[in-house]
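Participant: Got a predicted model here, sequence first, then my questions.
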Amino acid sequence: MTKMLASVRDRREAEIVLKGGADIIDLKDPENGALGAVAPETIREVVDFVAGVRPVSAACGDLPMEPETIERQVEAIAATGVDYIKIGFFPSDRLAQCIEALAGLAEHKKLIAVLFADHAYPDDLPAAFAAASFHGVMIDTADKSRGRLLDHLAPGRIGDFVKAAHDQSLISGVAGSLEAPDIPRLLVFSPDFLGFRGALCENQKRNAEIDEAATVRIRALIPEEEMPDTGASRIDYKLLAARGYFPNPEDSKLGTDKIFVRDFVLPVQIGAYSFEHGKAQKVRFDVTADVLRVTPNPEDMRHVVSYDLIMDGIRTIVARGHIELAETLAEQVAAFVLEHPRVTRVVVRAEKLELGPGGVGVEIERKRETQSASKPRSSTNPGTIDAHGGRKGIRS
Ligand SMILES: O=C[C@H](O)COP(=O)(O)O
């Protein structure tokens with residue numbers, strides 16, 4: 001189950017996000033960079049205030065990649081009693097030394113390494129964090145003026161990041177100026193938490209005050225777990241259904257709507273001829289999906305299947321590399337879209353635009369075999385998260 005992390009700068013904001021239902025209270029000064037640190041006394045005040053009701057995390061600041069500096073700051077934050085410490089890692093030839101310098105501390109404190117989607121890193125970093133006993137790894141954006149996470153990383157690559165973390169038994173977090181429509185797109189990858197600041201603030205400005213109504217709106221888009229203290233179910237079945245879990249048979253009585261993507265043109269490495277290998281050619285996609293309705297009054301992202309699903313699917317499949325046949329491409333897109341349990345039928349048209357004066361291609365129609373056969377989407381998540389956000393059975 002994915003948790004909601006809310007970044008706050010002080011006790012007053014912590015109180016608001018706690019009321020709004022955040023699962024992890026994260027201390028961060030938004031005025032001071034991507035991972036601005038707040039003063040240790042403020043962190044202590046929030047730890048005392050939250051009093052173990054939720055886990056508390058704190059950011060270490062945008063530190064230079066100097067092992068001694070990072071170690072000193074992490075020790076200082078650890079002394080405040082937070083549950084998690086978020087440490088930003090920027091590209092540097094001293095990255096390995098910085099990671100190693102924290103290995104001792106990571107044995108008894110839950111350290112979360114933060115990487116930035118607007119920077120480039122070596123591929124083996126998750127393994128290095130795991131070897132140094134880190135608890136988790138998170139992807140965020142460093143320069144908040146240069147777009148959302150999804151402007152930097154295609155959805156498939158975010159899924160790869162989550163999977164790489166889970167393969168190393170690390171918990172995974174995803175953040176970076178996330179907005180409401182991003183949430184269902186990211187939930188399909190089962191990250192352990194989604195992190196927010198800007199989306200929780202007045203006018204979505206991360207330096208503004210946290211707004212309770214905005215917090216509640218974001219909270220509502222992330223399915224909640226059963227609360228262990230009350231035993232009462234807080235599970236949002238509508239959103240769980242959207243993720244591929246617990247489809248509600250009642251929903252089908254409302255009938256279907258159509259969502260579509262038209263004239264979606266991407267360069268694709270496709271073709272069976274030798275001259276088509278080693279280069280990309282333009283392919284136009286037209287996709288229409290019949291989607292089961294879940295409410296007569298759709299009001300927010302929980303109630304819809306977004307056309308993002310179709311575009312994300314096409315981009316993910318195209319990014320995998322060369323495909324011989326337009327038919328194969330169309331089948332893969334249809335299968336991806338039909339994985340969503342609310343999609344009952346899909347029509348996919350894939351049209352190569354550069355082979356003749358006009359377009360050539362294929363159109364296919366595929367249906368879900370049986371409506372009730374909506375199976376949960378397979379998860380890359382190897383463990384569950386305990387009440388304090390730790391991964392059970394791994395290293396909570
Ligand atoms: O850890 C999560 C971040 O605080 C996200 O901040 P942001 O939504 O303003 O990018």
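Facilitator: Structure received. Numbers count the residues shown, from 1 in each chain.

Participant: For this structure, just list every one of the strands.
Facilitator: Per DSSP state E, the chain carries strands over the ranges 3-8, 24-27, 56-59, 84-88, 110-116, 136-140, 171-174, 193-196, 256-268, 281-292, 343-352, 360-367.

Participant: Is P126 in contact with Q168, as I believe?
Facilitator: Yes: applying C-beta atoms under 8 Å as the test, P126 and Q168 come out as touching, 4.7 Å apart. Quick note: C-beta positions are derived from backbone N, CA and C, even for glycine.

Participant: Leaving out sequence neighbours, find the closest residue to A96.
Facilitator: Excluding its sequence neighbours, the residue lying closest to A96 (C-beta to C-beta, 6 or more residues apart in numbering) is A128, at 6.6 Å.

Participant: Number of residues surrounding the one you found?
Facilitator: 17 (other C-beta atoms under 10 Å).

Participant: Leaving out chain neighbours, which residue sits closest to Q168?
Facilitator: In space, and not counting its chain neighbours, Q168 is closest to A130: 3.8 Å by C-beta to C-beta, 6+ apart.

Participant: And for D10?
Facilitator: Closest residue in space to D10, ignoring its immediate chain neighbours: T42 at 5.6 Å, by C-beta to C-beta, 6+ apart.

Participant: Quick check: the one you found touching R12?
Facilitator: No: if you go by C-beta under 8 Å, T42 and R12 don't touch, sitting 10.5 Å apart.

Participant: which of these two has more neighbours?
Facilitator: Per other C-beta under 10 Å, whichever of T42 and R12 has more neighbours is T42, with 19 against 12.

Participant: do you know how far the more buried one is from N207?
Facilitator: T42 sits 17 Å away from N207, taking C-beta to C-beta, to the nearest Å as the criterion.

Participant: Up against the ligand, what does the stretch 201-350 of the chain have?
Facilitator: Proximity of the stretch 201-350 of the chain to the ligand is confined to R206 under the rule C-beta under 6 Å from any ligand atom.

Participant: so where's the stretch 201-350 of the chain shaky on pLDDT?
Facilitator: Scanning the stretch 201-350 of the chain for pLDDT under 70 picks out 225-252.

Participant: Got the domain ranges for this structure?
Facilitator: The record, using automatic domain parsing to delimit domains, assigns the chain the ranges 3-235, 250-373.

Participant: from the chain's centre, how far out does the first one sit?
Facilitator: Taking C-alpha atoms, centre = their mean, to the nearest Å, the mean C-alpha location of domain 3-235 is offset from the chain mean by 12 Å.

Participant: quick one: contacts for G255?
Facilitator: Residues in contact with G255, defined by C-beta atoms under 8 Å, 6 or more residues apart in numbering, are 292-293.

Participant: that older thread, ranking the domains of the chain by burial, who's on top?
Facilitator: With neighbours taken as mean count of other C-beta atoms under 10 Å, those reach their highest mean count in domain 3-235, at a mean of 19.

Participant: For the closest residue to V17 other than its chain neighbours, name its beta-bridge partners.
Facilitator: Ranked by C-beta to C-beta, 6+ apart and with sequence neighbours excluded, the top spatial neighbour of V17 is A6, at 3.9 Å. Beta-bridge pairing for A6 (DSSP bridges): I25, F196.

Participant: tell me the contacts of A6?
Facilitator: 17, 20, 22, 24-26, 195-197, 200, 210, 215.

Participant: just to revisit the earlier point, was I right about the residue nearest to A96 contacting I99?
Facilitator: Yes: in terms of C-beta under 8 Å, A128 counts as a neighbour of I99; the distance is 5.3 Å.
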